[in-house]
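K.L.:
Using only what follows, build the 3D model:
(one chain, ligands or ions: 1)
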Amino acid sequence: MCGVFGIYGHEEAANLTYLGLHALQHRGQESAGIVTSSESRLHRQVHMGHVSDAFNETSLAKLPGSAAIGQVRYSTSGESELRNAQPFFFEYAHGALSIAHNGNLVNASKVRKRLEEAGSIFQTSSDTEVIVHLMAQAREPESIERLASALRQVTGAYSILLLTETRLIAVRDPHGFRPLSMGKLKDATVFSSETCAFGLIEAEFERELEPGEIVICEGKAVRSYRPFDATRGRVSSRRCIFEQIYFARPDSTLDERSIYTSRVSMGHVLARESAVDADVVIAVPDSGVPAAIGYAEESGLPFATGLIRSHYVGRTFIEPQDSIRHFGVRLKLSPVRSVVEGKRVVVVDDSLVRGTTSRKIVAMLKNAGAKEIHLRISAPPTTHSCFYGLDTPTREELIASSNTVDEISQYVGCTSLSYLSHDGLLTSLGVGDEDDSGFCSACFTGEYPVAIEDAKTAKLVSISKRQAASVDGAS
Ligand code: AMP
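P.N.:
Next up, the predicted model:
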């Protein structure tokens, strides 16, 4: 869960990257960083916190040059601390190099152990750093070949931007797990995790990078390079389906489809699959809104704002005692009594992970006088953890990994609970069956397209498998 942004060939590279990172803030709030390239030097500013807190006029003034890369981070690997804040900066035998990464490598610990045994000294605890060490060790004379050699040794999810003194290089892994788009701003080439950043800086969207594609900007040239061998099955699209459901911003486009339109469509299918007699449809804001609108459209029920979200809450630092434990969610969400009182309410949310949020929302709506609460989730049950860069909890914490829909419904306290079916989800996204969908749906199916090699993560998978066996056995 990170966002990356880059620009090559614009005199305001740092300022535009700052704006681009603003548009990607939803992808990570722990740290923000920018590295620029000018006169054969790289300049770096990284800080903890949100983009608007991390940068000011003074820090942006320290970032001269016409090429820049930036990252907003939410740690899924490595601790949340300044030394892990990206973009990283390294000097090695071939010059200066900066890297910003979205995704999660699934063999990084194994590769790191091998490198450390051979004498490498790591500066961070992030999986990203192994790529740079592998590049430094590569024997190939050309830097793109050294990069390709490094990438052939890592597995998992990576959308990467690299900056050297002369080049900006963008990479999407051979499965294309995480998104990465490119566009144009006058003569400059821009890259972004999501297209919503192009809207902000008035850049024109060109296309998404293909899985396994490397794009190199150097001088006036922009060229494409595909070092992964499709015939040996290394390149096969497995784009993250959860970006469509929850993570990407609704004003972004992915796979040539508007995220907003896809989510409304999920609501349409959900309403067809799990219709119920009710008086009003409300959303859990913000991420549940498009699907709730779709549900209302399809069911003919009125849509209303039954929950208000405060946009001014950061993290809740107090860990309340039992007596005030519900403050956490109430700080963020508050019910509108006049909308729900005495009503049979359909509540649409995009996903149910641990179930704790839904439980609190249901209690809140009951307190506000709702007569019935029909919870509708615009995604299938989240039964498996993600190892490719989304922050999902361990399998034990995923309520749907070991409970039936009825059990979850009882825990949450709602009148009824239904999820969107997996086929329904694919229909909403305009694709046929799972096999040729081109999506990674591991969080719903447990079918991981790339083996999880790291011992720590592998342990989680073996727990998953054991649990799956006992759940399957029970059912
Ligand atoms: P819970 O079931 O209490 O774990 O939380 C479900 C809520 O968290 C839903 O409203 C989702 O919109 C939201 N959500 C889903 N996935 C994530 C994620 N990876 N990180 C943060 N929030 C999430």
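K.L.:
The residue in the stretch 201-350 of the chain positioned nearest to the ligand: what secondary structure?
P.N.:
Closest approach between the stretch 201-350 of the chain and the ligand, counting by C-beta to the nearest ligand atom: Ser287, at 4.3 Å. Glycine gets a C-beta too; all of them are placed from N, C-alpha and C. The local conformation at Ser287, judged by DSSP: H, G, I helix; E, B strand; the rest coil, is coil.
K.L.:
Phe191 now?
P.N.:
strand.
K.L.:
isn't it right next to Gly9, touching?
P.N.:
No: with contacts counted by C-beta atoms under 8 Å, Phe191 stays clear of Gly9, the gap being 12.0 Å.
K.L.:
can you give me the strands in the stretch 101-250 of the chain?
P.N.:
159-163, 167-172, 181-185, 188-192, 204-208, 214-218, 221-225, 239-240 (DSSP state E, counting those that start in this stretch).
K.L.:
low pLDDT regions in the stretch 51-200 of the chain?
P.N.:
76-78 (pLDDT under 70).
K.L.:
Also the stretch 201-350 of the chain?
P.N.:
By pLDDT under 70, the weakly predicted segments of the stretch 201-350 of the chain are 231, 313-328.
K.L.:
now the helices for it?
P.N.:
Along the stretch 201-350 of the chain, the stretches classed as helices by DSSP state H, counting those that start in this stretch are 241-242, 259-273, 289-299, 327-332, 337-340.
K.L.:
quick one: the residue nearest to Ala248 when sequence neighbours are not counted from Tyr312, how far?
P.N.:
Spatial nearest neighbour of Ala248, chain neighbours left out: Ile259 (4.9 Å); criterion: C-beta to C-beta, 6 or more residues apart in numbering. Distance from Ile259 to Tyr312, counting by C-beta to C-beta, to the nearest Å: 25 Å.
K.L.:
ok, now which ones touch Ala271?
P.N.:
The contact partners of Ala271, by C-beta atoms under 8 Å, 6 or more residues apart in numbering, come to 294-299, 376.
K.L.:
Among Ile259 and Tyr312, which residue is more densely surrounded?
P.N.:
Shown here are Ile259 and Tyr312; by other C-beta atoms under 10 Å, Ile259 has more neighbours (24 against 7).
K.L.:
The more buried one reaches Gln244, doesn't it?
P.N.:
Yes: applying C-beta under 8 Å, one finds Ile259 in contact with Gln244, separated by 6.5 Å.
K.L.:
how long is stretch 57-72 from one end to the other?
P.N.:
End-to-end distance of stretch 57-72 (C-alpha to C-alpha, to the nearest Å): 18 Å.
K.L.:
brain fart, stretch 67-82
P.N.:
23 Å.
K.L.:
Any buried residues in stretch 63-82, and which?
P.N.:
Using 16 or more other C-beta atoms under 10 Å as the test for burial, stretch 63-82 gives 63-78.
K.L.:
with the residues you listed in mind, which one is nearest to the ligand?
P.N.:
Nearest to the ligand among those, with distances taken as C-beta to the nearest ligand atom, is Tyr74, at 8.4 Å.
K.L.:
Which residue is most remote from the mean position of the protein?
P.N.:
Gly342 (38.1 Å; C-alpha atoms, centre = their mean).
K.L.:
unless I'm mixing things up, it is touching Lys371, no?
P.N.:
Yes: in this structure Gly342 lies within contact range of Lys371 using C-beta under 8 Å: 5.7 Å.
K.L.:
Now for the residue farthest from the centre of the chain: which residues touch it?
P.N.:
369, 371.
K.L.:
so what's Thr457 scoring on pLDDT?
P.N.:
As predicted, Thr457 sits at a pLDDT of 62.
K.L.:
can you list the residues of this protein near the ligand?
P.N.:
Within the chain, the positions near the ligand by C-beta under 6 Å from any ligand atom are 246, 284, 287, 349-358, 390-392.
K.L.:
Give me the buried subset of those residues.
P.N.:
When the residues of the chain next to the ligand are checked for burial by 16+ other C-beta under 10 Å, the buried set is 246, 284, 287, 349-353, 355, 357-358, 390, 392.
K.L.:
Not counting its neighbours along the chain, what's nearest Ser416?
P.N.:
Leaving aside its sequence neighbours, Ser416 sits nearest to His374 (C-beta to C-beta, 6+ apart; 4.8 Å).
K.L.:
what about Gly119, how many neighbours?
P.N.:
Neighbour count for Gly119, taken as other C-beta under 10 Å: 6.
K.L.:
Nearest to the ligand within the stretch 1-150 of the chain, name that residue for me.
P.N.:
Closest point on the stretch 1-150 of the chain to the ligand, by C-beta to the nearest ligand atom, is Met1, at 6.7 Å.
K.L.:
Spit out the contact partners of that residue.
P.N.:
By C-beta under 8 Å, 6+ apart, the residues touching Met1 are 27-28, 74, 76, 247, 389-391.
K.L.:
ok so, going back, what does the residue nearest to Ser416 show for phi and psi?
P.N.:
Per-residue torsions, His374: phi -110, psi 110 (degrees, to the nearest 10).
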